[in-house]
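1. Just need the structure, nothing else, for what follows:
(one chain, ligands or ions: 2)
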Amino acid sequence: MHEPNFETRSPWSRYGEWQEVSIIPPKRAVDGTITMPGSKSLTNRALIIAALAEGTSRLVGILKSDDSYWCLNSLRQLGIDIEVEGETAIVQGGGGDWPNKYAELYVGAAGTIARFLPSALAAGSGRWKMTGSKRLSERPLAPLLHTLTGMGADIRYENAEGCLPLTMQTKGLDGGSCILPGSLSSQFVSGLLIAAPYAKTPVTVQIEGGIVQRDYVEMTLRMMETFGISASALPDGQTISVPRGRYQGRSLALEPDVSTCCYFWALAAITNGRIRIDGVTVKASQPDIEIVNVLERMGCSIRRGESFVEVSGTDRLRGGFVLNMQKWSDQTLTIAALAPFADAPITLTGAAHIRHHECDRIAAICTELRKLGIRVDEHPDGLTVYPGRPQAALLDTYDDHRMAMALSLIGMKSDGIRIADPGCVSKTCPDFFDRIAELGVGTVFSKRREG
Ligand SMILES: O=C(O)C1=C[C@@H](OP(=O)(O)O)[C@@H](O)[C@H](O)C1
Ligand SMILES: C=C(OP(=O)(O)O)C(=O)O
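-> Ligands and ions are numbered 1, 2, ... in the order given. You can find the predicted model right below:
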């Protein structure tokens, strides 16, 4: 079993004392109306932009999970005053510089912080050390950091060049034109855009090649606009220009986390139940909302309300299709977990970049599905999953919240599924197992860790 990196678990995490949870299929069809906390992606964008802004921001409906905790904590280390009252964060913006001129920043396992904060740091002046989990230190970051070096940041690497841990000495971003690759992660582009208004000259970002998960860049541009900065993109979307300016503090309500909603809609799909999530619509800015169209194609009934989305399942999910996951690849694991229960194979493509996420997600899901006796073909950019009846097994989660939540779905339909290291869900959904238990799924935690 994969040894978790417990340092990444924040005070907002749960279940850390348990080595395993058994998932027991619900006794009767799941039927519920629920709400979800705020989006991880929107929370961390809003926190960093509010910290850069002039004046006070009030962010309503933040996500309280490891990824947002380490973001908040890093901003506080930089001298930004942030108060959290329930699910609201009140941020006193620093106006584009950081009050503390030296800080040691630990960013956990969060790709969003590792890719969004360095540019924002480089826009100010000071010296900062940034460290993260072992896995985060292996994830791609070099293209962004090299761009920042080209714009004036002095970055020293403790181990491998272009990776965490690092120390940055900065005195403002020079600005100008830069080229960033789009195929590894959309977060490089988002990261540079967030800090771009504070550069000494306007910034133009040119995206090299196709970009994965483009909607997250659109989400960044919309959040910048909310705080008063309008960037402009050429019609092909590959070149984005950002004017100089200063964000202004704002009050805003964040959308619920659609990526987390997907596990609950999938729960309805797989158990032939019904889950309505209030406060979300199919017009959500997050790309994972595409799952409702796919569940519909698989035979589920969808109600697309003015202020809710409801999924009702079916007694046999339909398969027999190929899906390109490039635009919403966080849900590759969810669809792969549903696929054994479909009536024909499902092939997922376009997701080579998820080999660089919290784990090599393509290799990991293939390995775990095979442990269940499910036939899987692994491809460089995805996988094909064949219909089958999952056998009882203890499944590894690779310190990856999405592996844990997706594999749990299998236990909601099949007997004998045990999930290792349930605590890893706290990266984005710390109370995941309590939430499914409230809906009638059995959860039995076992093997208390020592010490
Ligand atoms: O910008 C964001 O908030 C995100 C972008 C995506 O990452 P990549 O573009 O690195 O794949 C996504 O997988 C991640 O969960 C959140
Ligand atoms: C890829 C993910 O996270 P991040 O890149 O933000 O760490 C995710 O949440 O699935």
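2. Could you pull out the helices in the stretch 51-200 of the chain for me?
-> Counting by DSSP state H, counting those that start in this stretch, the stretch 51-200 of the chain has helices at residues 66-77, 111-122, 134-138, 142-150, 187-195.
3. hmm, the helix or strand hosting residue 221 in reach of ligand 2?
-> Using DSSP states H and E, the element containing residue 221 is helix 215-226. No. Under the criterion of CB under 6 Å from any ligand atom, ligand 2 is not reached by helix 215-226; the shortest gap measures 9.2 Å. Quick note: C-beta positions are derived from backbone N, CA and C, even for glycine.
4. contact partners of that helix?
-> For helix 215-226, contacts defined as CB atoms under 8 Å, 6 or more residues apart in numbering pick out 41-42, 45-46, 49, 186-187, 189-190, 193-194, 197, 211, 230-231, 233, 240, 242, 247, 250, 252, 285-287, 327-328.
5. returning to what we had before: any chance of the helices of the stretch 51-200 of the chain in TSV, with distance to ligand 1, mean neighbour count and mean pLDDT too?
-> Shown next, in TSV, are the helices of the stretch 51-200 of the chain (distance: least, CB to the nearest ligand atom, whole Å; neighbours: other CB atoms under 10 Å; pLDDT from 0 to 100):
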stretch	distance to ligand 1	mean neighbour count	mean pLDDT
helix 66-77	9	24	98
helix 111-122	5	27	98
helix 134-138	12	17	98
helix 142-150	11	19	98
helix 187-195	4	27	98
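6. Nearest to residue 266, out of the ones you listed?
-> Judged by CB to CB, the one of these that comes nearest to residue 266 is helix 66-77, at 21.2 Å.
7. What is that closest one packed up against?
-> Under the contact definition 3 or more CB pairs under 8 Å, 6 or more residues apart in numbering; DSSP states H and E, helix 66-77 sits against helix 40-52, strand 81-85, strand 102-106, helix 111-122.
8. Among those, which comes closest to ligand 2?
-> Closest of those to ligand 2 is helix 111-122, at 2.5 Å (criterion: CB to the nearest ligand atom).
9. and that closest one, does that touch ligand 2?
-> Yes. Part of helix 111-122 sits near ligand 2 under the criterion CB under 6 Å from any ligand atom, namely 111, 112.
10. just to revisit the earlier point, filter the contacts of helix 215-226 to the buried ones?
-> Neighbour counting with 16 or more other CB atoms under 10 Å marks 41-42, 45-46, 49, 186-187, 189-190, 193-194, 197, 211, 231, 240, 242, 247, 250, 285-287, 327-328 as buried within the contacts of helix 215-226.
11. quick revisit: what would the helices of the stretch 51-200 of the chain look like in JSON lines with distance to residue 164?
-> Formatted as JSON lines, these follow (distance: least, CB to CB, whole Å):
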{"stretch": "helix 66-77", "distance to residue 164": "12"}
{"stretch": "helix 111-122", "distance to residue 164": "6"}
{"stretch": "helix 134-138", "distance to residue 164": "4"}
{"stretch": "helix 142-150", "distance to residue 164": "10"}
{"stretch": "helix 187-195", "distance to residue 164": "14"}
